[in-house]
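Student: Below are the sequence and a predicted model; questions follow.
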There are 2 protein chains.
Amino acid sequence: MLYPWFRYPQPPRMPLRPVVKMLSVGAVAVFGVKCLCWLLDRRRSQVLLKEVLFFPTTVTCVEHLFASRRDLPFSCPCSLPHGLETSFTKLLRHLLSAKSSLDLCVFAFSNQDLSHTVLLLQSRGVTVRILTDKDYMLISGSQIGTLRRAGICVRHEMGAVHMHHKFAVVDGRLLITGSLNWTLTAIQSNRENILVTEEPDLVRPFVREFQQLWEANNPAHYLSSMLPKCVHT
Amino acid sequence: MLYPWFRYPQPPRMPLRPVVKMLSVGAVAVFGVKCLCWLLDRRRSQVLLKEVLFFPTTVTCVEHLFASRRDLPFSCPCSLPHGLETSFTKLLRHLLSAKSSLDLCVFAFSNQDLSHTVLLLQSRGVTVRILTDKDYMLISGSQIGTLRRAGICVRHEMGAVHMHHKFAVVDGRLLITGSLNWTLTAIQSNRENILVTEEPDLVRPFVREFQQLWEANNPAHYLSSMLPKCVHT
């Protein structure tokens, strides 16, 4: 026999308050965890270095940056101003912060302080790789020969008119890029900029670009293609 | 008469549960609002453009980027590949996104597509200011003369060996900076990079640098110093 719907026996109703309470506590917990994640992410993003340095800079003594702990307190007898923080000393500090690797992709490299920095990093066990321009590596005053003779691995670009990049990646995490070639004129006389950042979205493409150029300019590839080919008949 | 402490009549105790409840609700509300702010900030930071473009690029037709709405659908009869998105088309799109201003600080400017872009922006009412190098503005193929004759305000750096910057600021909010000069060789033949970002911590210093150089290289300053001085006796 069929009854109208309202005459069917109703199932016992589930008590509402504990369910609402449980759901609220759950929602608050999920929201809290999400917020904590956002907070941690935000904190991370805030502490990521983002710095812009402009040149030319005042010429100052930078010898104290190369001094080892046993040389401290360090005093230099030269006549340049001492103890000033400039765009150049900041650049050197960023480079000297390298612990494991320095990948350097630079068009012109003739600055002796920067050369000293690279040699110092190598002596500390930092893996240094330099990719440079095939023409500018040969100009008078270039430091590329000195660095090569010191055992630093250098490759030069073969597939472009000029390898005009001017960037460095420190420990795969810190990007230094801009208009600045590693020359004395650029640092002391030109209007130049460099941008220093740990922002992963900006660092990653440069890490990939370096790796790609490094592989593409492996001498093993282009030297083998320059060897006379055997003609098998 | 003195009683021991435990015999003093106790004041009526404040009911604990409503107070705890009120404090909890307050704490949750404050936490919620803070989280909402972080969330909005984070969302803002995520949508801020951060892009890296590498060169050289494939040479493609870019005429469609300059076409006005009434020219659509646009078809170009040239023999270059059409419809490809390259680093260069992306660069042009970023520049063409300017609504109010383009501040350009560039060492060498000889690329005709970029010159066309700048002229197009000017015709749309965008305020264009160009700061360039005093020697490179005069080289063969430089677009600086053309732009100047079209009424664009150009100044050249007088206080440095070279004005070697290569950056542009679009509407005071978008920074385009890197190794790339605005030349055909740079775009089609060299290894180059540009970094495009809306990150305020990176944009602001470039806005300040441009403004400072623009003021410092106002012709009114150095022309007056070049005029013969009257000798008052």
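Tutor: Okay, I see it. Residues are numbered from 1 along each chain as shown, chains lettered A, B, ... in the order given.
Student: where in chain A is pLDDT low?
Tutor: Residue ranges of chain A with pLDDT under 70: A:1-14, A:41-46, A:222-233.
Student: Show me the strands in it, by range?
Tutor: A:50-55, A:101-106, A:127-132, A:153-156, A:166-170, A:174-178, A:192-197 (DSSP state E).
Student: in stretch A:125-140, what's buried?
Tutor: Neighbour counts over stretch A:125-140 (16 or more other Cβ atoms under 10 Å in any protein chain shown) mark A:126, A:128-133, A:136-137 as buried. For the C-beta atoms, the positions are set from N, CA and C on the backbone; glycine is no exception.
Student: typo on my end, stretch A:181-196
Tutor: Neighbour counts over stretch A:181-196 (16+ other Cβ under 10 Å) mark A:181-183, A:185-196 as buried.
Student: Show the overlap between these and what lies near chain B.
Tutor: Checking those against chain B by Cβ under 8 Å from any Cβ of the partner chain, the ones in range are A:185-186, A:189-193, A:195.
Student: Spatially, which two of the buried residues of stretch A:125-140 are the most separated?
Tutor: The distance between the two most remote of these (Cβ to Cβ) is 23.9 Å, for A:Val126 and A:Tyr136.
Student: Share the number of residues neighbouring A:Asp201, please.
Tutor: A total of 15 residues lie near A:Asp201 under the criterion other Cβ atoms under 10 Å in any protein chain shown.
Student: and the residue nearest to A:Met137 when sequence neighbours are not counted, what is it in contact with?
Tutor: Nearest residue to A:Met137, sequence neighbours excluded (Cβ to Cβ, 6 or more residues apart in numbering or on different chains): A:Ile144, at 4.2 Å. By Cβ atoms under 8 Å, 6 or more residues apart in numbering or on different chains, the residues touching A:Ile144 are A:109, A:130, A:132, A:137, A:154.
Student: any idea how far the fourth one lies from A:Ile152?
Tutor: Which is A:Met137. Separation of A:Met137 from A:Ile152 (Cβ to Cβ, to the nearest Å) stands at 12 Å.
Student: So which residues make contact with stretch A:183-191?
Tutor: Stretch A:183-191 is contacted by residues A:54-57, A:59, A:88, A:108-112, A:180, A:192, B:157, B:160-165, B:213 when judged by Cβ under 8 Å, 6+ apart.
Student: Select only the buried ones of the residues you listed in PyMOL?
Tutor: To isolate the buried ones among these in PyMOL, judged by 16+ other Cβ under 10 Å, type:
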select buried, (chain A and resi 54+55+56+57+88+108+109+110+111+180+192) or (chain B and resi 157+160+161+162+163+164+165+213)
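Student: which stretches of chain A form helices?
Tutor: Secondary structure of chain A (DSSP state H): helices located at A:16-47, A:63-66, A:87-96, A:112-123, A:144-149, A:184-188, A:200-216, A:219-226.
Student: Tell me which of those helices lies nearest to B:Trp38.
Tutor: For the helices of chain A, proximity to B:Trp38 was assessed by Cβ to Cβ; helix A:16-47 is nearest, at 5.0 Å.
Student: what separates the closest one from the chain centre, distance-wise?
Tutor: Here helix A:16-47 is found 34 Å from its chain centre; the criterion is Cα atoms, centre = their mean, to the nearest Å.
Student: now that helix and helix B:16-47, what's the angle there?
Tutor: 40 degrees (axes from the mean of the first three to the mean of the last three Cα atoms, to 10 degrees).
Student: can you state the direction angle for helix A:16-47 and helix B:200-216?
Tutor: Going by the same axes, to 10 degrees, helix A:16-47 makes 40 degrees with helix B:200-216.
Student: And helix A:16-47, what does it pack against?
Tutor: In terms of contacts (3 or more Cβ pairs under 8 Å, 6 or more residues apart in numbering or on different chains; DSSP states H and E), helix A:16-47 is packed against helix B:16-47.
Student: Isn't A:Phe31 up against B:Cys35?
Tutor: Yes - the pair A:Phe31 / B:Cys35 is scored as a contact, 7.1 Å apart, by Cβ atoms under 8 Å.
Student: Among the two, which residue is more densely surrounded?
Tutor: Neighbour totals were compared for A:Phe31 and B:Cys35, and B:Cys35 leads with 17 against 14 (other Cβ under 10 Å).
Student: give the contact list for that one.
Tutor: A:31, A:34-35, A:38-39.
Student: Identify, from those residues, the entry nearest to chain B.
Tutor: Nearest to chain B among the contacts of B:Cys35, counting by Cβ to the nearest Cβ, is A:Cys35 at 3.7 Å.
Student: how close does the closest one sit to B:Leu39?
Tutor: Following Cβ to Cβ, the distance that separates A:Cys35 from B:Leu39 is 8 Å.
Student: do the same with A:Trp182
Tutor: Distance, A:Trp182 to B:Leu39, by Cβ to Cβ: 43 Å.
Student: Then A:Arg69?
Tutor: 45 Å.
Student: More neighbours: which of the two?
Tutor: Set A:Arg69 next to B:Leu39 and count neighbours by other Cβ under 10 Å: B:Leu39 wins out with 14 against 6.
Student: residue contacts, the more buried one?
Tutor: Applying Cβ under 8 Å, 6+ apart, we find B:Leu39 in contact with A:35, A:38.
Student: can we see that at 7 Å?
Tutor: Contacts for B:Leu39 (Cβ atoms under 7 Å, 6 or more residues apart in numbering or on different chains) come out as A:Trp38.
Student: do A:Phe109 as well
Tutor: Residues in contact with A:Phe109 (Cβ under 7 Å, 6+ apart) are A:132, A:142-144, A:182.
Student: how does it look with 10 Å?
Tutor: A:Phe109 makes contact with A:115, A:118, A:130, A:132-133, A:136-137, A:139, A:141-144, A:146-147, A:154, A:166, A:181-183 under the criterion Cβ atoms under 10 Å, 6 or more residues apart in numbering or on different chains.
Student: Alright, that wraps it up for me.
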